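Trainee: Structure, please.
(2 chains)
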Amino acid sequence: MIKCWHAILEHPVVRLELQRVRRKRWWPGRRFFLFYPALLGAALGCGITWALGDRLGGQPALLVVGASSMCALNGLISLLGLALSWIAPALTAASIVHERELGTLDLLRATLLTERAIVLGKLGGCVVRLWPAILTLLLLTPFRIVVAAGSGLLSPTLLPALTMDGGFDLGQSWPWLLLAGLLGWLRPWGDLAFHAAVGLFISVPSRSSGTAIAVSYGTILVVRVALWLVTSLLVPLLVALPSLAETAPAPVYVLDAMVWVPALAVLATVFIEVVGAVLLVWGAIRWLKRM
Amino acid sequence: MATIIETRGLTKRYGRLMAVDGLDLAIEAGAVFGFIGPNGAGKTTTMRMLATLLRPTAGEAWIAGHSVRKGRREVRRAIGYMPDFFGVYGDMKVWEYLDFFAACYEIPAETRRRLVDDLLELVDLAHRRDDYVDVLSRGMKQRLCLARALAHDPQVLILDEPASGLDPRARVEIRELLRELQAMGKTIFVSSHILSEIEEVCTHIAILEAGRLVAAGTLDEMRQRVQVQRVVRVGLTGRVEEALVWLAGQPGVTCVEPVTDNEGGNLQVTFSGDDEALARLLSHMVGAGFTVVTFREETGDLEDVFMRLTKGVVS
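Mentor: Next up is the predicted model:
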């Protein structure tokens, strides 16, 4: 593990990017490490407040504080995830084409660095540049699980469905809520990986950074709209299908489909994104080799 | 001497454009091989193929016994490549730049520091060690790039127009550096269209035009090849008119003209024949009582060779 970490840090391209980041003014430095514990403490405090509020029989004041804190935390994570996944392609799209514009790509390729090392190194360089945001998201996203559980319990639509149905009580709904939380946790990483990989792939054959960035955003937008269309058409259809097939649908069954189909849609989206990202990075390496 | 670079039928085609057409070259180890040709002749394409940056459409090339198609890594280990247009990371210091590329050549961190200092010493940039690359002059950047190409101590250097865009002093410095590298036993494959540049350092040259090899060989071979007609300057202390008539009647002499420029001699004789025939002409002339003070063959420079062999065709 340490050896692997050492190898990553010793990678010349990653080291080059690290050197650059260190020289830039926006290197967060100590301030970031003061900021993060404060944020983490606040989030944990809110979580405990909410949990206690629940235990204490749902005292209204505590519930109000807990719910709004959860919403704020959830909003922060969503915003950070969104910002990160839309900033990353701008960096990755410029990465390799910038080397070409500088006239250094040939110099790199003529060394003993393999094409794979160059592409992965540039990707690592982008991660290095975004590391404060990535670390924050990495440390905050586990709270998504708590948030999802909290908002699930507080949700006026889901809560009655879960509790009023004879076959379900709060205890049994926890696995589903945990799944929803896990998916909420996975989602930003899927987006980030896919968006970054699209940028990287388009960077290889491009002739200018501007074109590469524009084409990357265009491609991401098209793919996102397509994915959204597919899921928003498929999910209601899959939810409706079992109830249509059954002449006398059991309420348990309907509830089941309502929970697992959207969850499955999210899982499928994340899966497609991750597989797509891996394929795109592999394609970028192949393309650079063929040049 | 062993052949260190060899190409056989090396071809690169871009759509309908034939950039390099069946190139056959053999370069001996330790040679400084000048690769000349007009712009667009295919010099850079050939060099990029040899540096494994471009896949040949057909044919094969070997460097130090490794194929540029199959043994890319071994070839990269054996060569130091300097492209005609190259960039430098402006936000890096001179030593960081060399250290970065040395790391790319898998040179361990412990030895890199010493190596960087040695390389900077070699290219005379030791005093700029801690400056940013951005502030260096073009000539210095060129030398820095050469130092980068030497980081892994390659056997072969492939230098694409190393002196282009440099002022006369920087050119001389590069030339001196090439001489030094040759003395260190490196094989240098250098392209240029500044012919006088190449002439002074090269042991061999090849002329490329429209993707085809026009001629290749040592400098003397190339000169002889184009000089079927030899030009001799003859200096006499007197009887110039008489000598002119006498020479015109000698075998092998195709033209005799009186000259008045300040390059020496009174007559310019165009002669076709080998060295023996030329020596005979001189002895007959002296035998005929002419007072010859100079008898010197004009050696055409590389520019002449180039102009005679190329037709101005650009692919």
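Trainee: Enumerate the residues of chain B near chain A.
Mentor: Residues of chain B lying near chain A by CB under 8 Å from any CB of the partner chain: B:48, B:51-55, B:73, B:76-77, B:79, B:81, B:83, B:85-89, B:91-92, B:96, B:100-101, B:103-106, B:109, B:145, B:148, B:152. No exception for glycine: its C-beta is placed from N, CA and C like everyone else's.
Trainee: Which ones among the residues you listed map onto helices?
Mentor: Among those, DSSP state H puts B:48, B:73, B:76-77, B:96, B:100-101, B:103-104, B:109, B:145, B:148 in helices.
Trainee: which pair in the residues you listed spans the largest distance?
Mentor: The most widely separated members of these, counting by CB to CB, are B:48 and B:109 (30.6 Å).
Trainee: who's more crowded, those two?
Mentor: Taking other CB atoms under 10 Å in any protein chain shown, residue B:48 and residue B:109 do not tie; residue B:48 has more neighbours (23 against 10).
Trainee: Now the closest residue to chain B within the stretch 51-200 of chain A: phi and psi?
Mentor: For the stretch 51-200 of chain A, the residue closest to chain B is residue A:103, as judged by CB to the nearest CB, at 3.2 Å. Here is the backbone geometry of residue A:103 (degrees, to the nearest 10): phi 90, psi 20.
Trainee: which ones are touching it?
Mentor: B:83, B:85-87 (CB atoms under 8 Å, 6 or more residues apart in numbering or on different chains).
Trainee: Kindly report the same for residue B:152.
Mentor: A:112, B:77, B:80, B:102, B:105-107.
Trainee: where do the strands sit along chain A?
Mentor: Counting by DSSP state E, chain A has no strands to list.
Trainee: Now do stretch B:66-83: everything it contacts.
Mentor: By CB under 8 Å, 6+ apart, stretch B:66-83 touches A:103, A:106-107, A:110-112, A:114, B:44, B:47-53, B:55-56, B:60-64, B:105, B:145-146, B:148-152, B:154-160, B:162.
Trainee: For residue B:266, give me the pLDDT.
Mentor: pLDDT recorded at residue B:266 is 78.
Trainee: Would you list the phi and psi of it?
Mentor: phi -110, psi -30.
Trainee: Then the one 3 residues further on?
Mentor: Here the main-chain torsion angles of residue B:269 (degrees, to the nearest 10) amount to phi -110, psi 130.
Trainee: which residues are in contact with the host helix or strand of residue B:115?
Mentor: Secondary structure assignment for residue B:115, by DSSP states H and E: helix B:109-122. The contact list for helix B:109-122 (CB under 8 Å, 6+ apart) reads A:10, B:94-95, B:98-99, B:102-103, B:107, B:126, B:128-129, B:147, B:150-151, B:177, B:180.
Trainee: Narrow those residues to just the buried residues.
Mentor: Among the contacts of helix B:109-122, those buried by neighbour count (16 or more other CB atoms under 10 Å in any protein chain shown) are B:94-95, B:98-99, B:102-103, B:107, B:128, B:147, B:150-151, B:177.
Trainee: gap between the helix holding residue B:115 and the chain center?
Mentor: On the basis of CA atoms, centre = their mean, to the nearest Å, helix B:109-122 sits 29 Å off its chain's mean C-alpha point.
Trainee: Likewise for stretch B:98-105?
Mentor: 28 Å.
Trainee: Show me what the host helix or strand of residue B:280 is packed against.
Mentor: Using DSSP H and E, residue B:280 maps to helix B:275-287. Counting contacts by 3 or more CB pairs under 8 Å, 6 or more residues apart in numbering or on different chains; DSSP states H and E, helix B:275-287 is packed against strand B:230-236, helix B:240-248, strand B:267-271, strand B:292-297.
Trainee: what helices or strands is the second one leaning on?
Mentor: Contact partners of helix B:240-248 among helices and strands, from 3+ CB pairs under 8 Å, 6+ apart: strand B:230-236, strand B:253-258, strand B:267-271, helix B:275-287.
Trainee: With chain A as the reference, measure out to the residue sitting nearest the centre point of chain B.
Mentor: Central residue of chain B (CA atoms, centre = their mean): residue B:34, 2.2 Å from the mean position. For residue B:34, the distance to chain A equals 21 Å [CB to the nearest CB, to the nearest Å].
Trainee: Could you pull up the residues touching the residue in chain B positioned nearest to chain A?
Mentor: Residue of chain B nearest chain A, by CB to the nearest CB: residue B:87 (3.2 Å). Taking CB under 8 Å, 6+ apart, we find residue B:87 in contact with A:99, A:101-104, A:107.
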